[in-house]
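> Quick check, what structure comes out for this input:
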Amino acid sequence: MKIYLASSWKNAELVREIARQLERYGFEVDAFCRATNERYSFHWSEFVDDEKDLLKYDATSFLSDSRVQKAFQEDKHWLDWSDTVIMVQPCGNSAHLEAGYAKGQGKLLIIFAPNGFPKGEFDVMYGFADLLTDSITTVKTFLGRGGRYDKTKMSSM
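Below you'll find the predicted structure:
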């Protein structure tokens with residue numbers, strides 16, 4: 001199974017750890033925050049000298065930069081490569097768009113919230129997910145079963 005991890009740069013170390021765990025379990029994993037010979041990784045700091053410089057850009061001007069276009073094409077490549085997307089919470093708009101794109105392509109979608117799902121924070125569209133969980137063990141079990149599970153038994157894992 002080929003897994004794409006969608007999240008925020010704020011979670012980069014957590015995403016790397018999840019990738020390592022899933023790889024030890026035998027899965028192929030792409031993590032946006034791990035540059036390799038095969039994987040280009042982009043961070044906004046390559047685009048500007050200071051975070052305040054980001055205020056000079058809007059969505060259209062940001063997307064017109066060739067580095068941003070390269071990053072978009074790279075992420076899309078790995079999304080298309082995968083058969084499963086795990087959206088690691090908390091995350092922002094990009095990860096949510098990646099999750100929606102993946103689900104629209106017929107891929108498995110897992111929403112993983114390692115710190116739990118906070119009360120008062122929810123979204124009806126999370127109903128598209130094949131699994132919502134705060135347990136990496138549940139993620140591994142679900143994936144080990146090929147993305148199938150008995151909903152009556154899954155809650156006790």
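
> hmm, who's touching stretch 120-132?
87, 99-100, 103, 108-111, 113, 117, 138-139, 142, 147, 149, 154 (C-beta atoms under 8 Å, 6 or more residues apart in numbering). (Glycine included, C-beta is placed from N, CA and C.)

> do the same with stretch 64-77
Contacts of stretch 64-77 (C-beta under 8 Å, 6+ apart): 32, 39-42, 46-47, 62-63, 98.

> The same query, at a cut-off of 10 Å, please.
4, 6, 30, 32, 38-44, 46-47, 57, 61-63, 94, 97-98, 101 (C-beta atoms under 10 Å, 6 or more residues apart in numbering).

> Which two among the contacts of stretch 120-132 are spaced furthest apart?
Farthest-apart pair in the contacts of stretch 120-132 is Gly100 and Met154; separation 23.2 Å (C-beta to C-beta).

> Narrow the contacts of stretch 64-77 to just the buried residues.
Neighbour counting by 16 or more other C-beta atoms under 10 Å classes 4, 6, 30, 32, 40-42, 57, 98, 101 among the contacts of stretch 64-77 as buried.

> quick one: the helices in this structure?
For the chain, the helices defined by DSSP state H occupy 12-24, 59-63, 66-81, 93-104, 136-144, 151-154.

> list the contacts for Ser7?
Counted by C-beta under 10 Å, 6+ apart, Ser7 has contacts 14-15, 18, 31-33, 86-92, 94-95, 98, 112.
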